[in-house]
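Undergrad: Structure of the sequence below:
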Amino acid sequence: MAPYLQSVKSFVDVPISDAGVDTVQFLEAADGVVGLFDILGSTAFVAVQSDLKGNIAKVRTRYEATPDKSATLELLVENEKGEKKRTATEGLMWLLRGLSFTCKALLSAQANKTEELTVAFGNAYDKTLKKFHNFVVKTVFSVAMKACPYRAEFYAKLASDPAGGPSVSAVALDEEFNKWLAALDGIVTRMESFYEKGGHNKGF
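TA: As a prediction, the model looks like this:
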């Protein structure tokens, strides 16, 4: 075992070519975001995790069915365009929204060293997912935001090795986390632009 960010695929290592974002490696890195909510440790985040997992599965299922047409996220979406039920396109759209929410919250926490996670996630929710949710879902998320662990507790868990090995230093964690989040933010921004320009988010 190793501290969390060393044990999962980093978005820094997801290849981006002229054809787009590598599908397989993006999904592997997205799995790491799901695990991040285990570190947050609140059962209130089960709904968030479930949503991320379900949407990752939709994209992965499409890739496995048509790997030759789905090498990148962009190709996957383009090649599903003519079909009646664009399950993977919709799944990726919601996955990107969930990743944007998570990324914005953690970028804020990184930039503001005294900001508690409840505030960071609450503000990020208002800027990203809230406008897409009905009253019931908003209530679920509101409970989750209030159940965030204390900042110090989260960062201590993120730095520690579950197997009992040495923790990473605060400086090393800070550097690694910033790179991880910047790469995630870059991919999300790129894909949101792709969806907007191509009208791929219409019809859902």
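
Undergrad: Which helix in the protein has the most residues?
TA: helix 170-198 (DSSP state H).

Undergrad: Which parts of it count as buried, going by neighbours?
TA: For helix 170-198, the neighbour count (16 or more other C-beta atoms under 10 Å) marks 173, 176-177, 180-181, 183-188, 190-191, 194-195 as buried. To be clear about C-beta, it is placed using only N, CA and C from the backbone, and glycine gets the same treatment.

Undergrad: ditto for stretch 14-31
TA: Buried, per 16+ other C-beta under 10 Å, within stretch 14-31: 14, 16, 20-30.

Undergrad: which stretches of this structure form strands?
TA: Taking DSSP state E, the strands of the chain run over residues 16-17, 20-21.

Undergrad: Serialize those strands to CSV and add fields for distance to R151.
TA: Formatted as CSV, the strands of the chain follow (distance: least, C-beta to C-beta, whole Å):
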stretch, distance to R151
strand 16-17, 32
strand 20-21, 31
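
Undergrad: and those strands as JSON lines, adding mean pLDDT?
TA: JSON lines is the format used below for the strands of the chain (pLDDT from 0 to 100):
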{"stretch": "strand 16-17", "mean pLDDT": "96"}
{"stretch": "strand 20-21", "mean pLDDT": "98"}
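
Undergrad: Can you report how many residues lie near E78?
TA: Number of residues near E78 (other C-beta atoms under 10 Å) recorded here: 17.

Undergrad: same thing with V136?
TA: 7.
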